[in-house]
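**Q** Fold the following.
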Amino acid sequence: MNGNDRGRLLSASPLMDHIVPILLGVAAFFLVIGPAPLQVSNISWLTGSDPAQHYLGWAFYRQSPWDFPIGVSPGFGLELGSSIFYSDSIPILAFLFKPFSFFLPETFQYLGLWYLLCLILQAWFAWRLIGLMTDDVALRLPATAFFLFSPPMLWMLHGHEALFGHWLILGSLYLCFAVSLKRRQLAWSALTMLAALVHSYLLPMVLSLCLSDLLRRLITKEYRPLAAVRGGAIILAGVVIALWQAGFFLLKSGFGGKGGFGYYSMNALALVNPAASGFVTKQDKWSYFMPGVPHLEGTGDLLFLGSGVLLMALLAVPFVIPKMKELQIWPKWSPLLLLFVALTMFALTNNIAIGTIDFRLPIPSFILSIAQSLRCSARMFWPVYYFIYLAILYLVISSYGRKTAIGILTCLLALQMADTSSGWMPVRNDHATVGSAWPTPFQSGFWEVAGKHYRNVRIIPPGDNPRFADIAYFAASHGMQTDAAYLARYDTGSKEKAQRKAETSVAAGTYDKDSLYIIDPLHLKAALSSVQAEEDLIARIDGFVVVAPKWKLCKDCPQPAPLKADVE
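**A** Here you go, the predicted model:
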């Protein structure tokens, strides 16, 4: 029996077919991320702005009573229209763990488990995609591993835990290319609903790939028009139900949030640029060997192919045209190819950047307002990115002899892993810390008493605050609610109403007696001039200016020195 036959037999083994991708995903997790995040009580690696938002969203959600829809989470945001969806806390996992909250440790995070699950599923779907090209395990192993060292996915380890779920894109591509797959309708329904319960950027990618597959089946007459409409309606209904239960529709008066469409766009040189976020720094550079390409600040997330994939692309170039003629891709695959063109155009935006040069194309304002909901437009290129991976791997696997292809894939995988470690090794170090508590500036004994005295912690003005994580962590640790919330989107009407109420409270000195207030320096003068000094405390404690309504009436409460009207 020759090596090719042995490879086929191993790959044909049902046990091998299931075990190999799982082992690959687990190995990648321990190599790239390390074991520390798997400790569910370890939150020390979640102190940055975005990770803190994601953890705190879950911490408040697990404390809140069940409501309908089940994603409602009033504790993190109060009147700002909060749900588990808008804290980017991976709603599907929040739904799974909340029923068991009583049995879970007091400090519990599932984001490390999510990382492990994502890498296993990334390997799982990559293994099946490569299986559409070859059943030789010696070829499938290195080809699958390339998807575990995809720089755009690993770049999400910089605090975008939900967006680490690139397996949803690979799963969608698998459903597109596995044309003989049974129960396709059920698979698409499950995948689109999962995407809706993971992150709002992944959902349109999965939905658009689903639509392209539906159109392909119409073109090839696998579906009749009425059946296609019925199938599409079922899938869409499932997505709407998932979004509804996650709390997506709680925002009634617009989706507040900063602009950015055209700023966070894809640079035309992104595929060959190992630098991210517009800066060529040690942390942002994802290659030891390739120089960073100067480009505009802000232009998109990392989309570098990797030096190993780029070299493999050079080896694949001579076979592009012959394979295109052989495959006869038009019109069967026209919906998918047209989708890739559309996603690329959206990723580039109307502010087209080539390195440090850019030019802007005018677009109607109503289109711009819609596009702002996906302002980090470069991410919409991810399905195209993985198609490029698949196309390059297919050209090498199908065009070179088996031994040559194995040699190419193995050597260039080693290069890809070693070279991109420039980017992911610092990330591994960031995830290596262990601790079940965050450092907190709340050191005075006042805070412990206040945590039992009040139901809420409010900030003026409510909403975004540079110290939201400190304030919200204090509130969550004491079973309180807070409007010191950093959310992906706000209900603009509710936020404006809450801010007007806060300004009125400061101007009149009338505060909710169940709430402790932390005052922004810009409102300090007004607060000092209006405070009811005989009952309410206004003091500076651990660097925070607080207003504690009716505090002076509490005989057992510590009485810090109050601020005077002439002290700011």
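
**Q** can we go C-alpha only for contacts and neighbour counts from here?
**A** Will do.

**Q** tally of neighbours for Pro560?
**A** Residues near Pro560, counting by other CA atoms under 10 Å, number 15.

**Q** and the nearest residue to it once chain neighbours are set aside, what is it in contact with?
**A** Closest residue in space to Pro560, ignoring its immediate chain neighbours: Ala539 at 6.8 Å, by CA to CA, 6 or more residues apart in numbering. Residues near Ala539 by CA atoms under 8 Å, 6 or more residues apart in numbering: 545-547, 560-563.

**Q** And Ile219, by the same measure?
**A** Residues near Ile219 by CA under 8 Å, 6+ apart: 331-332.

**Q** roughly how far apart are it and Leu393?
**A** Here the criterion is CA to CA, to the nearest Å. By it, Ile219 lies 27 Å from Leu393.

**Q** Which stretches in this structure count as strands?
**A** 255-256, 351-354, 357-360, 456-460, 481-482, 490-491, 515-519, 537-541, 544-548 (DSSP state E).

**Q** Can you read off the pLDDT for Phe261?
**A** What the model reports as pLDDT for Phe261 is 81.

**Q** hang on, isn't it packed against Ala347?
**A** No. The criterion here is CA atoms under 8 Å, and Phe261 misses it with Ala347 at 9.3 Å.

**Q** Looking at those two, which one has more neighbours?
**A** The neighbour comparison of Phe261 against Ala347 (other CA under 10 Å) goes to Ala347, with 28 against 24.

**Q** Compile the contacts of Ala539 into JSON lines and extend it with columns for pLDDT and distance to Ile519.
**A** Below are those laid out as JSON lines (pLDDT from 0 to 100; distance: CA to CA, whole Å):
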{"residue": "Val545", "pLDDT": "95", "distance to Ile519": "5"}
{"residue": "Val546", "pLDDT": "96", "distance to Ile519": "6"}
{"residue": "Val547", "pLDDT": "96", "distance to Ile519": "7"}
{"residue": "Pro560", "pLDDT": "92", "distance to Ile519": "16"}
{"residue": "Ala561", "pLDDT": "91", "distance to Ile519": "17"}
{"residue": "Pro562", "pLDDT": "90", "distance to Ile519": "14"}
{"residue": "Leu563", "pLDDT": "87", "distance to Ile519": "13"}
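
**Q** Type out the PyMOL command that picks the buried ones from those.
**A** If you want just the buried ones from these in PyMOL, going by 16 or more other CA atoms under 10 Å, the selection is:
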select buried, resi 545+546+547+562+563
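
**Q** Let me know the closest of the contacts of Ala539 to Asp514.
**A** Val547 (11.7 Å; CA to CA).

**Q** How is the chain divided into domains?
**A** According to automatic domain parsing, the chain comprises the domains 177-430, 445-553.

**Q** Comparing those by mean pLDDT, which bottoms out?
**A** Between the domains of the chain, the one with the least mean pLDDT is domain 177-430; it has a mean of 88.

**Q** Okay, the closest residue to Leu250 other than its chain neighbours and Pro74: tell me how far apart.
**A** Closest residue to Leu250 apart from its sequence neighbours, by CA to CA, 6+ apart: Gly81 at 6.3 Å. To Pro74, Gly81 is 7 Å away according to CA to CA.

**Q** got the buried residues for stretch 181-188?
**A** Neighbour-count burial for stretch 181-188 flags 185, 188 (criterion: 16+ other CA under 10 Å).

**Q** cool, stretch 96-115 as well?
**A** Burial within stretch 96-115, assessed by neighbour count using 16+ other CA under 10 Å, is assigned to 97-98, 108-112, 114-115.

**Q** Can you flag which of those residues belong to helices?
**A** Taking DSSP state H as the definition of helices, the buried residues of stretch 96-115 contribute 97, 111-112, 114-115.

**Q** Take those and lay them out in CSV including distance to Val341 and pLDDT.
**A** CSV is the format used below for those (distance: CA to CA, whole Å; pLDDT from 0 to 100):
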residue, distance to Val341, pLDDT
Phe97, 39, 98
Leu111, 34, 98
Gly112, 35, 97
Trp114, 31, 98
Tyr115, 30, 98
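
**Q** TSV please, covering these and showing distance to Ser189.
**A** Formatted as TSV, those follow (distance: CA to CA, whole Å):
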residue	distance to Ser189
Phe97	23
Leu111	25
Gly112	27
Trp114	21
Tyr115	23
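
**Q** what's the farthest-apart pair in the residues you listed?
**A** Within these, Phe97 and Tyr115 form the most distant pair, 15.9 Å apart (CA to CA).

**Q** and Lys552, how many neighbours does it have?
**A** Applying other CA under 10 Å, I find that Lys552 has 17 neighbouring residues.

**Q** Leu211 now?
**A** 18.

**Q** ok, now which ones touch it?
**A** Gly232.

**Q** With Trp286 as the reference, name the closest of the strands of the chain.
**A** Of the strands of the chain, nearest to Trp286 by CA to CA is strand 351-354, at 19.5 Å.

**Q** For the closest one, what is the distance to the chain centroid?
**A** Its chain's C-alpha centre and that of strand 351-354 lie 24 Å apart, by CA atoms, centre = their mean, to the nearest Å.

**Q** before we move on, what about stretch 219-236?
**A** Relative to its parent chain, stretch 219-236 has a centroid offset of 31 Å by CA atoms, centre = their mean.

**Q** again, but for stretch 542-551
**A** Relative to its chain's centre, stretch 542-551 lies at 36 Å (CA atoms, centre = their mean).

**Q** Go through that stretch and flag the buried ones.
**A** Result for stretch 542-551 [16+ other CA under 10 Å]: buried residues 544-551.

**Q** Also stretch 129-148?
**A** Residues of stretch 129-148 classed as buried: 129-131, 133-148 (neighbour count, 16+ other CA under 10 Å).

**Q** go on, stretch 35-52?
**A** Using 16+ other CA under 10 Å as the burial criterion, the residues of stretch 35-52 that qualify are 36-47, 50-52.

**Q** quick revisit: name the residues contacting each of Phe261 and Ala347.
**A** Common neighbours of Phe261 and Ala347 (CA under 8 Å, 6+ apart) are Ser377.

**Q** if we can go back for a sec, tabulate the domains of the chain in JSON lines, adding columns for distance to Leu170.
**A** Below are the domains of the chain laid out as JSON lines (distance: least, CA to CA, whole Å):
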{"stretch": "domain 177-430", "distance to Leu170": "7"}
{"stretch": "domain 445-553", "distance to Leu170": "25"}
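
**Q** Could you report the neighbour count for the closest residue to Ala527 other than its chain neighbours?
**A** Once flanking residues are discounted, Ala527 sits nearest to Val506: 5.2 Å by CA to CA, 6+ apart. Val506: 23 surrounding residues under other CA under 10 Å.

**Q** Assess the claim that Val506 and Ser530 are in contact.
**A** Yes. Using CA under 8 Å, Val506 makes contact with Ser530 at a distance of 6.9 Å.

**Q** re the thing from before, can you pull the contacts of the residue nearest to Ala527?
**A** For Val506, the contacting residues are 523, 526-527, 530-531, by CA under 8 Å, 6+ apart.

**Q** just to revisit the earlier point, which of the ones in helices among the buried residues of stretch 96-115 lies closest to Gly25?
**A** The closest of those to Gly25 turns out to be Tyr115 (CA to CA; 9.9 Å).

**Q** still on that earlier bit, out of the buried residues of stretch 96-115, who's nearest Ile321?
**A** The nearest member of the buried residues of stretch 96-115 to Ile321, counting by CA to CA, is Tyr115 at 38.6 Å.
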